[in-house]
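S.K.: Here is a sequence together with a model predicted from it:
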Amino acid sequence: MNKIIILAFAFGVLFTAGCSENFLEVRPKNQILEPEFVTNTAQLQEVLNGAYKALGDKNAFGGKYQIVSEIMSDNLAAAQINLNDDYKTLYARNTNLFLSPTRDICANFGKAIGRANYALEKVDEFGGAEKNRITGEAKFVRAIAHWQLIRTFGQPWGYSVDNSHLGMPLHTKFDKAPINRSTVNECYAFVEADLKAAIDLLPLSNRMYASKWSAKGALAQLYFQQNRYSEARVLADEIINSGMFSLDVNPARRFSDTLSSEAIFYIDANNNANTNFNFNGAENLVNSYKKLAGGTKVADLTLVATVWDIFEPFQTDLRKNQGISKEGSDYLCTKFKTGTNIYNPIIHLTEMLLISAECAGEAGETSIAVDRINLLRNRAMVPPISASTPENAIRAVREERRRELFAEGNRLQDLKRIGAATERGKTRAPEVGLRIRNAPWNCPGLCPQIPDNESSGVTGMVPNPEGGCN
Amino acid sequence: MNQSTFTRFLVLMVALFCSVAAFAQTGKITGKIIDEKKEPVMGATVIVAGTTLGSATDMDGNYTIEGVASGEVRVQVSYIGYETKEGTVKVATGKTATLDFSLGENKEMLDAVIITGYGQTQQRRDLTGAISKVDSKAIMAMPTSSFEQSLQGAAAGLQVTQGSGMVGSQSVVRVRGNSSISAGGDPLYVVDGIAITQDYFISKGDNGNTNNNPLSTINPNDIESVEVLKDAAAAAIYGSRGANGVIIITTKRGKKGKPTYNFNTRVGYGEPTKLLKFLTSEEYFAMRQRGWELDGNVGQAPIQPTLAEQGYSRSELEHMNTNWYDEVLRKGVKQEYNLSMRYGGEKLSTYIGTSYSNNQGYVKGNGMERVSGRVNVDYHPIKNLTIGLTTSASRGTIEKQNLLYGGLGGIQWGNNASTAVYKKDGSLYWNKVYGNVVNPIARQQNMIETSRETRFLGGLNINYNILENLTFNITGNYDYQLYGDYTFQTKEWKIRAEDKDKPIDQQNHSYVGLSRTNNYSTYSTLNYTFKLPANHKLNALVGVEYQEATRDASKSSYRGVNGLVYNMDSDTTKRFEYEKWDEKEHYKFFSTFLRANYSYKDRYQLQVTVRRDGSSKFGIKRQFGNFPSVGLGWTLSEENFWKPLKKVITFAKLRGSWGLTGNANIDPSQQYPGFNQPINFGNVSGNAYGGSPTRDYKKLANDQLGWETIETYDGGVQLGFLNDRIVLDATYYYKLTKDAFLQTVIQASTGHPDVLYQNIGQIENKGFEVALTSRNIVSKNAKGFKWTTVLNLGNNQNKVLDIGPNQPDALGGGFGDTRAYPGFPVGTNFLNKFVGIDPADGKPIYLDPKGNQVKVYSPNNRVPIGGIYPLATGGFNNRFDWKGFDLDVNFVFSYLGKVYDDAGKRQRYPIFPDDLLFNQTPEVLTAWGGEGQISNLPRPSTTGGPQGLDQIWQNNTTMFVEDASYLRLRRVGFGYNIPLKTKGIESIRISLTGTNLWTIANYKGWDPEVGRERGNQQERNIGGTSVSFLTAPQERTYMFGLDINF
């Protein structure tokens, strides 16, 4: 009896101790593990789809990116009353590393970058016949996500003579290892290379995904920001002349529940009755500008009176009549149609016309510049303008730009671009001493601090200087 | 030692046992052991001193030891709870000598039997490791809703911080400081051999919810003793789970004798230990007006929208003076009833206990009800075999009040004296702050939040004495926990609090969230006592253990119901959301262990422990770990050279130990990568774009992830003066967490999941402990006057040495800017240094890290502020006995700690914004009032700007760091044992107990003893005990007790 027990015990020890390592492996349920994550083209496409989703998230192009940009510029009003603490801080341009809007922007554009990089990593193996398209799309997503981060957290192109000032980290591969910031010069070269590659690889039409035109449009934006007018103009004109896109009859239709005919690249809206899934491409824009029912405030965000005033003296201007609503002393922005499924064009024909027009002006082609913006004025039901000099034409285009694009997240970068171009002698229409809501265009606080989710796991990341704008 | 060598070693050990055969000769000793009541003592250990010969007494208290060498021998008898006795007897060859003993109850501290785990015990004098024992008396003396609260101050080096005065809150328990950051820092609780499930975050403590307390369903009345294993020598037997200390809970079992019954009850009430004074309506309006004017405005300050909404006129608001304390507080009635039976017969002994308690908190709508039952049976069918069955079942139901928006929290967060429960028109005022309803009465009337935990703990244990010196034990255990959070919300709530506008949502709703844990374990041990020549004692224990636990969860939602839904399947027609049971957590442990105790001449002790643990929690590349320890003891007082000292210092011992233990308190799936499942249309929403599925990275993999290794050195001295009238234990220790489990922040723009867990940190803890017991006055007469003093004192110095590539903000504790920062203790505050108020403009002055004065608050100027942990914590107890009366006076203290009052930046700061009605203390009346005025508070304002604040919540400065020292009269117990002549009743005792009767503290907030509710382990470690935020003060209770034995 005793020996049996001892033997049984000894056997038990041997048996259990001798088990293979698998004996102790418990894989978490309902979770795909690494090797099974991507095994075919369809799954690779799903990864890429995730990259677009991050790009269009309400905390990125779904609105937060544009809102942060507008808050720091001069289009929004009554910020002290209607915004939360974090937005107030950005409005005051006294930023710090704990702001949730900047964290969100970093995280979501970051996810777009990461997912695009993952797709690029796996495309050779699983891309199959779709390899070129997937590569092109991934590079496009990676490029524009990087660019928004570079523009938000770094001073603009032209801030320093050689653009050796800091941009953001450049993630060229799918890797969790942290990277320090590259110079703006390196950043723009990287984005440009990606977009050029995307132009070569992308198809001419690609539904809610990036097409060749999307990449050309993005590159036009990039060149324009770099004051590379002729190159920007070539790309913008290609798009304008492609016949693929046409101006909406009504400028207020750009952000609505039907897709605008001028959308070159857009954030999708989806309201498929067969699924439980809706996607609002402009969720945060819609919710932040919409009129609130009751309560102590009209809307989270309202416009300054100046935006109303720039449409004077033409009361008929559709862009004003449909884009701004005066409620007592507040100016509500109504250009983002309320709803739960709003398409959100990020690159569109209107902007291409504005780029083309301004570039024509810089090239001294006054009449072409004027013709381009008169197309937009005509649509807005206001009389055409004329200009006597390229300089006048350029200024007119810039005014038209604000009328067309207010609240869409362009204003801050436009002002910085003009400020930098003036500083570097790159424009025929310099704006000496340009100020953005009483702050110099290049003051430190106009670049928010790198948020803690970007910096706190990295050794030696150079923070932005803070304040200095007031 | 790798796996296979270790296995071979074990087999060798087993083989060794088989081959041992040592036969001596000669005489035999028999005898009977009885106790003071002349009852036989069963199971007492009788050994022949200096030999390995020994035996246990049978049911009648008889023992027989054979093979005793002839001559005069010393015989020692010991049994748990009794004093150890020694006698001498002459043994003649071939004859039987008789030696009887009468054991008194244990009085000698150093003879106390200490449970060391896996069925083993040691006398306190033989310990080489650091173990503290708390007996049932100390646990029962303290009326608490959860037993761990009564451990406060009861053991040196054990720091128990009670969560708050809210009933059902969990305590933060730390043995010798915080040695972890992102991994769990709580000790391992072993209840009757079961490493119990102790998930503190089934109910997450963020957003004002109360965390669940996994210990609260254990009935304190069932506990026989609690042992705290503190150093590596003691805890290495628990290997990868021993590093934070082990708390062994042993429940009561049958006692030899006829059935005895005990009924005890306690009734009484509780109230807050402190009430803060708040501004009156008049003061509030005057202060806001001052702020308004100093901001440069003229005229009357507008009435804040939330005040105006009530419909009262300005003058009514200015004199409203709602007494919110009357609205939310009460005297919480407490009652507890325990009925138990103990019995020990020929073959069967039993303990049966049942209990009911209903513990109302002092906040209306907060309380806990517990029902529990226990049956412990020991069956002794044949001589060498004992079968033990341990079972307990209990259910605890907690009624909750939200800590931020309900009860005491609600009135501070959003209700000053000018708010009311009802509007002028008589309707309920749905006062909303930042989107949350903060009128506690509106919440109570429209929402019920309850949690219910059902717990079963059971085990079957078979103990077989193969040889007289070889015992085989096999144990199987089961631990079941079903935890549910149940919420009911009225239609009104949906409309008014949640702004639901669709008719389908405008109905009563009920929500159920369930979590179910099944935790199985089994272990077998062989315990062998070697037969060695005189003066040598060697005992070895080897064992194998296997444990597997799974946690499943399920959720469901109902609408159109009239109250809480408890049964998920009861009303499926009203159920509109259902997440079926699904596995959330699953882990396994496989372990082998060995412990050997050797002693020579009772002077020198050596203990060697090795445990090898493998677990599914650990990455595939680091699945097994070895945890060795060595303990040494030298009893100086047994040496000849001590003789001159022996009259005064009766006992003296030095002990020291070294060892490695582990902490495996980590999420079992953290080593695996995770991805979001592609969307399953019609079921899950959110994971799609453009109508097509997406596939995303969710979690990073780390196949190297594993336990934290903690290396501990421990050295101590144990002294007994004047025949152990005074016993002193002093210990110094050094603990180094070598590969602390840390959450590393992954750079956002890489697009990877936010964090990666890695074993890359280093944390150091060192300190000393003193435990002193002094029987100041003793009496030979049982009814004579006796006075005993117990002092427990612990000092721990904690320092983070390394946090890998993390920057300070990567490792935070939730709110209040607490951090892990190298060179500072875990949970150090990271703050702007506040210098004072500039008398010229009333702005606060801060120091930037270079020491320059600045007038704007900036997160960039934060610096670590150390010294959060107390220099000393402990307890001081005096007990007096006289003629059946006893008086117990127990103090606890914490000296020179710091607490960060995170609510101070609103509650004690003169800021009166439009959107927040914080209840402020009269301290704000002293705010700066004009040029040249010296003040400690800045100028009042209705915005943050004039005070240099862009974000009014981002105002974490040293202004709110406060001394957390306190001395608290934790308990006064007065009891009387009524003398009885009746046959039926053995004893009746009545008692009066008061807790938290008196506190000395400098702290300006509620209570310096705080444990903020938390969302995860890291927050519990970093911000668990040094940050308060409206934390409800501890409870003062007055209880009457009646205890009858029959």
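M.R.: Received it, and whenever you're ready, just let me know what you need.
S.K.: All the helices of the stretch 351-470 of chain A, residue numbers only.
M.R.: A:366-379, A:390-405, A:411-423, A:452-455 (DSSP state H, counting those that start in this stretch).
S.K.: which regions of chain A lie under the pLDDT threshold?
M.R.: A:1-21, A:30, A:78-83, A:271-278, A:294-296 (pLDDT under 70).
S.K.: Name the residues of the helix or strand hosting B:Ala393 that are buried.
M.R.: Using DSSP states H and E, B:Ala393 maps to strand B:385-400. For strand B:385-400, the neighbour count (16 or more other C-beta atoms under 10 Å in any protein chain shown) marks B:386, B:388, B:390-400 as buried. Placement of C-beta: from N, CA and C, glycine included.
S.K.: Deepest in the core, which of the helices of the stretch 351-470 of chain A is it.
M.R.: Among the helices of the stretch 351-470 of chain A, helix A:452-455 has the highest mean neighbour count (mean count of other C-beta atoms under 10 Å in any protein chain shown), at a mean of 26.
S.K.: Let me see the mean pLDDT of stretch B:612-622.
M.R.: For stretch B:612-622, the mean per-residue pLDDT is 92.
S.K.: any chance of the helices of the stretch 351-470 of chain A in a markdown table, with distance to B:Thr26 too?
M.R.: Shown next, in a markdown table, are the helices of the stretch 351-470 of chain A (distance: least, C-beta to C-beta, whole Å):
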| stretch | distance to B:Thr26 |
| --- | --- |
| helix A:366-379 | 117 |
| helix A:390-405 | 108 |
| helix A:411-423 | 101 |
| helix A:452-455 | 79 |
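S.K.: Relative to chain B, which of the ones you listed is closest?
M.R.: helix A:452-455 (4.3 Å; C-beta to the nearest C-beta).
S.K.: tell me what the closest one is packed against?
M.R.: helix A:100-126 (3 or more C-beta pairs under 8 Å, 6 or more residues apart in numbering or on different chains; DSSP states H and E).
S.K.: so B:Ser164 touches B:Thr1031, yeah?
M.R.: Yes: B:Ser164 lies in contact with B:Thr1031 (C-beta atoms under 8 Å); the separation is 4.9 Å.
S.K.: Spit out the residues that contact these two alike.
M.R.: Common neighbours of B:Ser164 and B:Thr1031 (criterion: C-beta atoms under 8 Å, 6 or more residues apart in numbering or on different chains): B:403, B:1007, B:1010-1011.
S.K.: Tell me which two of these sit farthest apart.
M.R.: B:Leu403 and B:Asp1007 (13.7 Å; C-beta to C-beta).
S.K.: More neighbours: the two, which one.
M.R.: Set B:Leu403 next to B:Asp1007 and count neighbours by other C-beta atoms under 10 Å in any protein chain shown: B:Leu403 wins out with 29 against 24.
S.K.: The more buried one: what's it in contact with?
M.R.: B:164, B:166, B:208-210, B:409, B:1013, B:1030-1032.
S.K.: now these as a markdown table including distance to chain A and pLDDT?
M.R.: As requested, the contacts of B:Leu403 are arranged in a markdown table below (distance: C-beta to the nearest C-beta, whole Å; pLDDT from 0 to 100):
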| residue | distance to chain A | pLDDT |
| --- | --- | --- |
| B:Ser164 | 27 | 88 |
| B:Met166 | 29 | 92 |
| B:Gly208 | 20 | 82 |
| B:Asn209 | 21 | 85 |
| B:Thr210 | 26 | 85 |
| B:Gly409 | 21 | 92 |
| B:Glu1013 | 22 | 81 |
| B:Leu1030 | 19 | 89 |
| B:Thr1031 | 23 | 90 |
| B:Ala1032 | 27 | 92 |
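S.K.: Please indicate which of these are buried?
M.R.: Buried subset of the contacts of B:Leu403 (neighbour count, 16+ other C-beta under 10 Å): B:164, B:166, B:208-210, B:409, B:1013, B:1030-1032.
S.K.: Which of those residues fall in helices?
M.R.: If you go by DSSP state H, the buried ones among the contacts of B:Leu403 have B:Gly409 in helices.
S.K.: mind listing the strands for the stretch 201-350 of chain A?
M.R.: Using DSSP state E, counting those that start in this stretch, the strands of the stretch 201-350 of chain A run over residues A:263-267, A:270-271, A:278-279, A:302-303, A:324-327, A:330-333, A:344-348.
S.K.: picking that back up, what's the closest of the shared contacts of B:Ser164 and B:Thr1031 to B:Trp581?
M.R.: Once C-beta to C-beta is applied, the member of those that ends up nearest B:Trp581 is B:Leu403, at 29.6 Å.
S.K.: Return the residues in contact with the closest residue to chain B within the stretch 51-200 of chain A.
M.R.: Closest to chain B within the stretch 51-200 of chain A is A:Gly114: 1.5 Å, counting by C-beta to the nearest C-beta. Counting by C-beta under 8 Å, 6+ apart, A:Gly114 makes contact with A:171, A:174, B:697, B:750-752.
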